[in-house]
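Participant: I'd like to go over a predicted model; first the sequence, then the structure.
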Amino acid sequence: MSKRFLGAALLIVLAAAAAGQDKSKKTYELIYEDVQVLKKQVQDLQARLDRTAEDLHVLREQLKVLADQVRQSAADQAGVKDDLKVIPSQYQDMLRKIDQLMVEVQKVAADLAASRAKEPAAGGEAAQEKPSKESSPAKKPAGSKSGAAPPGAKAAAGTSAPPAGQTQPTRPAPSISPQEAYTMAYNDYLKGNYALAIESFKLYRQQFPDSPLADNALYWIGECYYSQRKFEEAIDAFNDVIQTYPEGDKASAAYLKKGLSYVELGKKDEAIAVFKLLIAKYPLQDEARIAQDKIKELTEK
């Protein structure tokens, strides 16, 4: 009886051991499969990381290219700003050259007019001599003595009267163009004849008020006063330029010279106010840069 019991127990133990081995085997297989799945996932993640790294590298290159483009664009904009700063100075140089050319043209015109004035008026003299030879009084005036000239004959002896129906030719009055008048006045300014230049420019503005150079003439009046150190009169002239021709090409220069006139008068606050207004109105002009330097110079004193 005991032997049977022991045998049965042994069989049960062996069966349990076999069942445990099968269970352990299945557990190991499950763990192995999980490990394989994890490996696969790790590989997928690694592949994704590699692709992400490649994308990041491409993005870095693109960012580098964009940065280069931005720097180039900034450099181009700086170049454009520099060019814009140069344009006003080139414009002023061009105006100065034009003024010099006008002076030369005026000299040539004056020489030509002088040479024409020296030419004898042959036709006029012949016309004047002919009537004097042919005309003779038919009768002596009544009451006149023999050999006595009639009244007024002595005065007319130097100039013979033209025959009836014929008018005595006269030389046309010399005329001057607005450009010539302006050039003559500006030439006086260049020579330092400031008083004469002021009168010439004032006369120019009276005779040619609608000329494109009317604002320039008014500005040069202020420059003449400034050169004479008549700074109050210069300020009045520059104020006229600013108020009458606010859009003219001399407005910014008038602001600058007005401020400089205040500096010469020792009126520091007024000068700074004028310079600041100049910078606000004409930031790209050369005069604005000069005004900035003057403000810095005045505030540092």
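Facilitator: That came through fine. Numbering: from 1, shown residues only.

Participant: if you go through the protein in chain order, where are the helices?
Facilitator: Along the chain, counting by DSSP state H, helices occupy 2-118, 122-134, 153-156, 178-190, 194-207, 214-227, 231-244, 251-264, 268-281, 286-300.

Participant: pLDDT averaged over the longest one, what's the number?
Facilitator: When the per-residue pLDDT values of helix 2-118 are averaged, the result is 71.

Participant: Give the closest residue to Leu256 in space, chain neighbours not counted.
Facilitator: Take Leu256 and drop its neighbours on the chain: the residue closest to it by C-beta to C-beta, 6 or more residues apart in numbering is Glu287, 4.2 Å away. For the C-beta atoms, the positions are set from N, CA and C on the backbone; glycine is no exception.

Participant: do Gly192 as well
Facilitator: Leaving aside its sequence neighbours, Gly192 sits nearest to Ser227 (C-beta to C-beta, 6+ apart; 7.7 Å).

Participant: The residue nearest to Leu256 and Ala251: what is the separation?
Facilitator: Counting by C-beta to C-beta, to the nearest Å, the gap from Glu287 to Ala251 is 9 Å.

Participant: same question, Leu265
Facilitator: Noted for Leu265: a distance of 21 Å to Ala251, by C-beta to C-beta.

Participant: Looking at the two now, which is surrounded by more residues?
Facilitator: Between Leu265 and Ala251, counting by other C-beta atoms under 10 Å, Ala251 is the more crowded of the two (23 against 14).

Participant: Surely the more buried one touches Ile242?
Facilitator: Yes. Using C-beta atoms under 8 Å, Ala251 makes contact with Ile242 at a distance of 5.9 Å.

Participant: which residues touch the nearest residue to Glu264 once chain neighbours are set aside?
Facilitator: Using C-beta to C-beta, 6+ apart and skipping the chain neighbours, the partner closest in space to Glu264 is Phe231 (5.0 Å). Phe231 is in contact with 225, 261-262, 264-265, counting by C-beta atoms under 8 Å, 6 or more residues apart in numbering.

Participant: are any of those buried, and which?
Facilitator: Using 16 or more other C-beta atoms under 10 Å as the burial test, the contacts of Phe231 include 225, 261-262 as buried.

Participant: okay, now the closest residue to Phe275 other than its chain neighbours: neighbour count?
Facilitator: Computed as C-beta to C-beta, 6+ apart, the closest residue to Phe275 that is not its neighbour in sequence is Ala291, at 3.8 Å. Counted with other C-beta under 10 Å, the neighbours of Ala291 add up to 26.

Participant: Out of the buried ones among the contacts of Phe231, which is nearest to Ala237?
Facilitator: Ala237 lies nearest to Tyr225 out of these, by C-beta to C-beta, at 5.9 Å.

Participant: For that closest one, give me the pLDDT.
Facilitator: Confidence score, pLDDT, at Tyr225: 96.

Participant: Begin at 12, not 1, for the rest of this chat.
Facilitator: OK, 12 is where the count begins now, so the last one is Tyr236.

Participant: contacting residues for it?
Facilitator: By C-beta under 8 Å, 6+ apart, Tyr236 lies in contact with 205, 209, 242, 244-245, 248.

Participant: how close does it sit to Phe242?
Facilitator: Plainly put, Tyr236 is 7 Å away from Phe242 if you go by C-beta to C-beta.

Participant: mind listing what's buried in stretch 229-246?
Facilitator: For stretch 229-246, the neighbour count (16+ other C-beta under 10 Å) marks 229-237, 241-242, 244-246 as buried.

Participant: avg pLDDT for stretch 196-205?
Facilitator: Average pLDDT, stretch 196-205: 93.

Participant: start to end distance for it?
Facilitator: Stretch 196-205 has an end-to-end distance of 9 Å (C-alpha to C-alpha, to the nearest Å).

Participant: what does stretch 286-303 give?
Facilitator: Distance across stretch 286-303, first residue to last, is 7 Å (C-alpha to C-alpha).

Participant: Just the buried residues of stretch 199-217, please?
Facilitator: Of the residues in stretch 199-217, those buried (16+ other C-beta under 10 Å) are 199-200, 205, 207-209, 211-212, 215-216.

Participant: Nearest to Leu67 among the residues you listed?
Facilitator: For these, the nearest to Leu67 is Tyr200 (70.6 Å; C-beta to C-beta).

Participant: State the distance from the nearest residue to that closest one once chain neighbours are set aside to Asn250.
Facilitator: Once flanking residues are discounted, Tyr200 sits nearest to Ala208: 4.1 Å by C-beta to C-beta, 6+ apart. Distance of Ala208 to Asn250, given as C-beta to C-beta: 19 Å.

Participant: And Lys51, by the same measure?
Facilitator: Note on Lys51: its distance to Asn250, by C-beta to C-beta, is 89 Å.
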